[in-house]
Structure formats: structure tokens, C-alpha cells
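[1] the sequence and its predicted three-dimensional model are supplied below.
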Amino acid sequence: MIRPLWVWGPVIAQMAAIFYASSLPDISALPGGISDKVGHFVGYALLGGLMLRAMAGARVSGATPRVALWAFLLSALYGLTDEGHQLLVPGRSAAFDDLVADACGAAVAVAFCWIVTRAVHHRRVRRGEV
């Protein structure tokens with residue numbers, strides 16, 4: 001029971017953090033003067049990387065191209081549902097450019113994490129560790 005929580009818990013926590021932030025009626029300024037789009041990018045980059053980790057079963061060898069694609073798609077889909085959620089929050093609205101920032105953040109993080117896991121996996125294979 002602990003393993004699934006260890007694998008999927010961070011994904012659920014990040015989704016909950018995004019949902020919470022989207023539930024706030026007025027986010028006029030992010031800490032440190034970070035722009036709204038950077039906030040979206042970073043939030044979904046974190047979600048994308050965590051989603052890849054979870055879908056790979058927290059195993060380097062599990063990060064296949066197919067798993068990476070699904071991690072990106074599910075993260076971007078969550079961005080779409082999040083924009084829909086914001087339609088129901090007073091003072092908030094859905095924005096296509098926010099969805100683009102969400103998808104770009106997820107894509108960059110998934111691609112980066114996949115490249116790193118492939119390099120680690122190939123190094124382990126060459127050393128005979130796998």
C-alpha cells in the first residue's frame with residue numbers, strides 16, 4: 001500500500017495544489033513578481049515530471065516514449081480541466097494562453113525528464129547494473 005502512495009502521492013499533491021490555486025478568486029500577483037504564464041508553466045512542468053515518474057512506476061526503465069507521451073497528454077488534459085474549473089470560480093476566467101503555458105510546461109518537463117532517464121538507463125545498461 002505504501003508503494004502506490006509513494007509513486008502517485010506527489011502527482012495527487014501537485015494536482016491538489018493547482019486546484020487550490022485555481023479556486024482562489026483573486027490571484028492578482030504571484031510571489032516575486034512572477035508572471036501568470038510563468039506560474040502556469042512551472043506548475044505544469046512540475047506536474048508533467050511527476051506524472052512521468054508515476055506512470056513509469058518510479059523506475060528509470062519504465063520511462064518509455066509511450067509513457068512520456070501519456071504523461072504529457074494527461075498533464076495537458078488536467079490543464080484543460082483546470083481552465084474549465086476556473087470558469088466556475090468568481091473573479092476567474094479560462095484563457096487559451098494559460099492552457100498553452102500549461103501544455104508547454106508539461107511538454108518541456110516530460111521531455112527533459114525522459115531524456116535524463118534514458119541517459120541514466122543506458123549508462124546502467126553499459127555498466128551491467130540492469
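    Good, I have the coordinates.
[2] just the pLDDT for residue 21.
    For residue 21, the model assigns a pLDDT of 89.
[3] that one against residue 43, yeah?
    Yes: between residue 21 and residue 43 there is a contact under C-beta atoms under 8 Å: 7.4 Å. Quick note: C-beta positions are derived from backbone N, CA and C, even for glycine.
[4] give me the buried positions along stretch 23-39.
    Of the residues in stretch 23-39, 37, 39 count as buried by neighbour count, 16 or more other C-beta atoms under 10 Å.
[5] ugh, typo on my part, it should be stretch 81-96
    Buried residues in stretch 81-96, counted by 16+ other C-beta under 10 Å: 82-83, 85-86, 92.
[6] got the end-to-end distance for that stretch?
    By C-alpha to C-alpha, to the nearest Å, the extent of stretch 81-96 from end to end equals 12 Å.
[7] which residues does it contact?
    18-19, 22-26, 98-99, 102 (C-beta atoms under 8 Å, 6 or more residues apart in numbering).
[8] would CSV of those residues with distance to residue 65 and secondary structure be doable?
    CSV is the format used below for the contacts of stretch 81-96 (distance: C-beta to C-beta, whole Å; DSSP: H, G, I helix; E, B strand; the rest coil):
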residue, distance to residue 65, secondary structure
18, 26, helix
19, 29, helix
22, 30, helix
23, 35, helix
24, 37, coil
25, 41, coil
26, 41, coil
98, 27, helix
99, 24, helix
102, 22, helix
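[9] pLDDT-wise, what's the bottom of those residues?
    Pick the lowest pLDDT in those and you get residue 26, at 73.
[10] how near is that one to residue 86?
    Residue 26 sits 12 Å away from residue 86, taking C-beta to C-beta, to the nearest Å as the criterion.
[11] same thing with residue 112?
    27 Å.
[12] got the contact list for the closest residue to residue 101 other than its chain neighbours?
    Excluding its sequence neighbours, the residue lying closest to residue 101 (C-beta to C-beta, 6 or more residues apart in numbering) is residue 40, at 3.7 Å. The contact partners of residue 40, taken as C-beta under 8 Å, 6+ apart, are 79, 98, 101-102, 105.
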